[in-house]
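Novice: Give me coordinates for this.
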Amino acid sequence: MQTKSKALLGLASAFIISSALPNLAKADQLTLCWAAWDPANALVELSKDFTAKTGTEMKFEFVPWTSYADRFLNELNSHGKLCDLIIGDSQWIGGSAENGHYVKLNDFFDKEGIKMDDFVPATVVGYSEWPKNTPNYWALPAMGDVVGWTYRKDWFEKPELKKEFKEKYGRDLAAPKTYDELKQIAEFFQKREIDGKTVYGASIYTERGSEGITMGVTNVLYDWGFQYDNPDKPYEMEGFVNSPDAVKGLEFYKALYDCCTPPGSSNVYMVESADAFKSGQVAMQMNFAFTWPGLYKDEKVGGDRIGFFPNPAEKKHFAQLGGQGISVVSYSDKKDAALQYIKWFAQPEVQAKWWQLGGYSCLKSVVNAPDFASSQPYAQAFLDSMAIVKDFWAEPSYATLLQDMQKRVHNYVVAGNGTAQEALDGLVKDWTEVFKDDGKI
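Specialist: Residues are numbered from 1 along each chain as shown. I've put the predicted structure just below:
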């Protein structure tokens, strides 16, 4: 993320930012709440420029992902004043809009000339809009993220393995384009000895407690044809959530789990998947794109040893959206100053530096820049992935919907209970009850 001259960018940024923000609303300090992860550290560094231009100190409240939702949704639901700004998960947008937790930003965007057309469309829908596909904005796209894959490029390039794979499958050993190809590669590497160590095919998400297995299995379900509801009749789920193709997709995910994951893979999410890759256990790993910069820098598996590819395809081609938007908390006593932070953050020069420091900008001028795809080894995979994103429910009842899916798919995929058809039939039943309670069906 250091393709452009930092010195040149710094000079340009200093001039443009200082001239663009002459009359900021003043506050001694703003508190921004987010998860504790590498992009948050990058934001701390980036925000030093905001403090330098405005005199407003930035305080950060970061909590681990395992407690991120509980901590900050409780803060919002209790109308707490801890957070002036919050980078909230994409699924929170419906509940936060309808419950009045976030400041609606339309008038502010209009006043300041901030145009949602300047951002990648999928991130606007995913992070900013409620109701979806309407011009009602509750956040500025802040951190683009999506599920993709890394692979051991050095293993794939071993001559003896390339020869053996070509003889067995009749094609080159390369990053897979389809899930069937991915499973073949995973089977090829499963329990193989490489450099004196037994390795395994793939690490995939299986975590039960928060959102892990849902964020994993959806990548496969989408590609087989799963839909959340009837596109022509909202909340009609029978035959869409549990369609024959969706059942086949869930069966595939279980087959991949059963055949090709390392021992002890029953509760894997972001950290565990990255650790499996960094420790040299697996040939491939599923994970959100935010992990890629750190993995690329890893002394043991990074550099020339690692490759990146977008989620494979089958009948369709999608990837599970991650990422978040940044919002002003309606209970803050410093809303005007918080809005000025968003104004500053939205500037193209700031967004370019955000990408350099380790954040994933959603601004078109950054990701569509001629040199973006070559700016990092993972940049093209990120672009390809963000072009195919699809997201989970963003309904106000998303937490219940999520836990229903966590339970149903984990019980089938990991615990081995029942059939895929029974799991998805049960999910339709669960979700129907939720939406009936919400008065939507």
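Novice: Output the below-cut-off pLDDT ranges for the stretch 151-300 of the chain.
Specialist: For the stretch 151-300 of the chain, applying pLDDT under 70 flags no range at all.
Novice: just the strands in it please.
Specialist: With DSSP state E, counting those that start in this stretch as the criterion, the stretch 151-300 of the chain has strands at 192-194, 197-203, 282-288.
Novice: quick one: which helix or strand includes Ala97?
Specialist: helix 93-98 (DSSP states H and E).
Novice: again, but for Glu422
Specialist: In this assignment (DSSP H and E), Glu422 forms part of helix 420-437.
Novice: ok so, going back, save the strands of the stretch 151-300 of the chain as TSV, and put in distance to Ala69 and mean neighbour count too.
Specialist: Heads up, the C-betas are built off the backbone N, CA and C, glycines and all. Converted to TSV, those look like this (distance: least, CB to CB, whole Å; neighbours: other CB atoms under 10 Å):
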stretch	distance to Ala69	mean neighbour count
strand 192-194	38	13
strand 197-203	23	20
strand 282-288	16	26
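Novice: Which one, of those, ends up nearest to Gly239?
Specialist: strand 282-288 (28.1 Å; CB to CB).
Novice: got a list of contacts for that closest one?
Specialist: Strand 282-288 is contacted from outside by 145-152, 155-156, 182, 185-186, 189, 199-205, 215-216, 219, 261-262, 270, 273-274, 276-277, 322, using CB atoms under 8 Å, 6 or more residues apart in numbering.
Novice: if you look at these, which of them are in helices?
Specialist: Using DSSP state H, the members of these that fall in helices are 155-156, 182, 185-186, 189, 215-216, 219, 270, 273-274, 276-277.
Novice: wait, which of the strands of the stretch 151-300 of the chain is closest to Val120?
Specialist: Minimum separation from Val120 across the strands of the stretch 151-300 of the chain (CB to CB) falls at strand 282-288, 16.2 Å.
Novice: can you give me how far stretch 44-63 is from the chain middle?
Specialist: Taking CA atoms, centre = their mean, to the nearest Å, one finds the center of stretch 44-63 at 24 Å from the center of the full chain.
Novice: now swap in stretch 383-401 and tell me
Specialist: Stretch 383-401 has its C-alpha centroid displaced from the chain centroid by 9 Å (CA atoms, centre = their mean).
Novice: mean confidence score for it?
Specialist: Averaging pLDDT along stretch 383-401 gives 96.
Novice: ok, back up a step: return the list of helices and strands in contact with the helix holding Glu422.
Specialist: Judged by 3 or more CB pairs under 8 Å, 6 or more residues apart in numbering; DSSP states H and E, the packing partners of helix 420-437 are helix 244-260, helix 398-413.
Novice: Ok, which of those helices comes nearest Pro234?
Specialist: The nearest among these, by CB to CB, is helix 398-413 at 13.8 Å.
Novice: The closest one to helix 420-437, inter-axis angle?
Specialist: Between helix 398-413 and helix 420-437, the angle comes out at 170 degrees (axes from the mean of the first three to the mean of the last three CA atoms, to 10 degrees).
Novice: List the buried residues for helix 398-413?
Specialist: By neighbour count on 16 or more other CB atoms under 10 Å, the buried set for helix 398-413 is 398-413.
Novice: send the alpha carbons of that helix over as PDB?
Specialist: Taking C-alpha atoms only, helix 398-413 is exported to PDB below (Å, rounded to 0.1, in the frame of the first residue of the first chain):
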ATOM      1  CA  TYR A 398     -30.400  -9.500  12.000                       C
ATOM      2  CA  ALA A 399     -28.800 -10.800  15.200                       C
ATOM      3  CA  THR A 400     -31.600 -13.400  15.700                       C
ATOM      4  CA  LEU A 401     -31.500 -14.300  12.000                       C
ATOM      5  CA  LEU A 402     -27.800 -14.800  12.200                       C
ATOM      6  CA  GLN A 403     -27.900 -17.000  15.300                       C
ATOM      7  CA  ASP A 404     -30.600 -19.100  13.600                       C
ATOM      8  CA  MET A 405     -28.300 -19.700  10.700                       C
ATOM      9  CA  GLN A 406     -25.300 -20.300  12.800                       C
ATOM     10  CA  LYS A 407     -27.100 -23.000  14.700                       C
ATOM     11  CA  ARG A 408     -28.600 -24.700  11.700                       C
ATOM     12  CA  VAL A 409     -25.600 -24.900   9.500                       C
ATOM     13  CA  HIS A 410     -23.100 -25.700  12.300                       C
ATOM     14  CA  ASN A 411     -25.200 -28.500  13.500                       C
ATOM     15  CA  TYR A 412     -25.200 -30.000  10.000                       C
ATOM     16  CA  VAL A 413     -21.700 -29.100   8.700                       C
END
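Novice: Let me know the angle separating it from helix 244-260.
Specialist: Helix 398-413 and helix 244-260 are oriented at 60 degrees to each other (the same axes, to 10 degrees).
Novice: Who are the packing partners of helix 398-413?
Specialist: Helices and strands touching helix 398-413, by 3+ CB pairs under 8 Å, 6+ apart, are helix 212-224, helix 244-260, helix 420-437.
Novice: Please report phi then psi for the residue nearest to Pro348 when sequence neighbours are not counted.
Specialist: What sits nearest to Pro348 in space, not counting adjacent residues and going by CB to CB, 6 or more residues apart in numbering, is Ser365, at 4.9 Å. Phi and psi for Ser365, reported as degrees, to the nearest 10, are phi -60, psi -20.
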